[in-house]
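*Asks:* sequence first, predicted model second:
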Amino acid sequence: MRLDKFLADMQVGTRSEVKKLIRQKAVTVDGTVAKDPGMNVSENSNITVNGEEVSYVRYEYFLLNKPQGYVCTRDYSPNVLQLIASRDKNLNPAGRLDKDTEGAILITNDGQLVHRLISPRGHVDKTYYVETDRNIPANAREIFSKPMHFVDFTSEPADYQPLDDRSGYLTVHEGKYHQVKRMFQQLGCEVTFLKRTVFASLTLEGLETGEYRPLSEDEINYLKSL
C-alpha cells in the first residue's frame, strides 16, 4: 500500500498531515528517510514517525467491562468506544448492552466477526448476573429451561442458576432487545441490577469496571470458530 495510506490508517494524521511529516523528514521506512508519500510499503515494513515505530494493525479485539451510564452507539456520549485507547476509529461493539447494564462486551473493527456473533444464527452464549425487586419463583429454572414466547420472538431454552431468592445467573443464546429483563418480567419480577459476566466464553476475570484488555490469539481464533 502507499506510505501515506499506511500512516493515515494508523491514525498518525490525515493524508495531508502525513505528507507534511514526510516533507519534514520525520518518517523513515526500513531505516531510510522517506521522501515519497506514494512509495510502496507493506504491513511488515519497519516504519517510524519522529523516531517512534508505527506498526500496522489490521484488526483489533478488546474485551471491555462496561460501566453503567455508557451507551453502545458512537452517536451518543458517553459511549463505550470512548473508553478504548486505539488509533482505529472503526471500532464497534459486538452487540449492545443497555445504558444501565454493566459487563462484558467485545469491541473490534472486524466487521465480519461482529456480524457472525450477533447474527440470530450465531447462538453465542451470554451469561448475566441478575438481581430483582422481589423473590424469584422457586420453579424459575424449569420455566427458563423451556422456550418463552414474546410478541416479537420466542427464546430458546435458557439455563438459570439461582444464588438466593432474588439473584442468580441466567445464560441465554440470543441477544434480543431487553431480553433478560423481559424474561424475568414474565415471572413477575423487575430486574434491578444486570451485569453480563460471560460473552462467548470471554469472562471478566481480572477486569475492574471500566477496564479493558486485548484478546489473546487463542480467544480470537475461538470466536472465529463459532
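*Replies:* Done, it's in.

*Asks:* from Val41, how far out is the residue in the chain sticking out farthest from the centre?
*Replies:* Ranked by distance from the centre of the chain (C-alpha atoms, centre = their mean), the top residue is Lys35, with 38.8 Å. Using C-beta to C-beta, to the nearest Å, we find Lys35 at a distance of 13 Å from Val41. Every residue, glycine included, has its C-beta placed from N, CA and C.

*Asks:* same thing with Gly188?
*Replies:* Distance from Gly188 to Val41, by C-beta to C-beta: 62 Å.

*Asks:* the two: which is more packed in?
*Replies:* Val41 (19 against 12; other C-beta atoms under 10 Å).

*Asks:* I'd guessed that one sits against Val54; true?
*Replies:* No: judged on C-beta atoms under 8 Å, Val41 makes no contact with Val54 at a distance of 10.6 Å.

*Asks:* which neighbours do the two share?
*Replies:* Phe6, Ile47 (C-beta atoms under 8 Å, 6 or more residues apart in numbering).

*Asks:* does anything pack onto the biggest strand by length in the chain? Which helices or strands?
*Replies:* Among the segments of the chain that qualify as a strand by DSSP state E, the longest is strand 191-199. In terms of contacts (3 or more C-beta pairs under 8 Å, 6 or more residues apart in numbering; DSSP states H and E), strand 191-199 is packed against strand 102-108, strand 126-132, helix 179-185.

*Asks:* which residues touch that strand?
*Replies:* Residues contacting strand 191-199 (C-beta under 8 Å, 6+ apart): 63, 66, 94, 97-98, 100-106, 124-133, 169, 171, 180-181, 184, 203-204.
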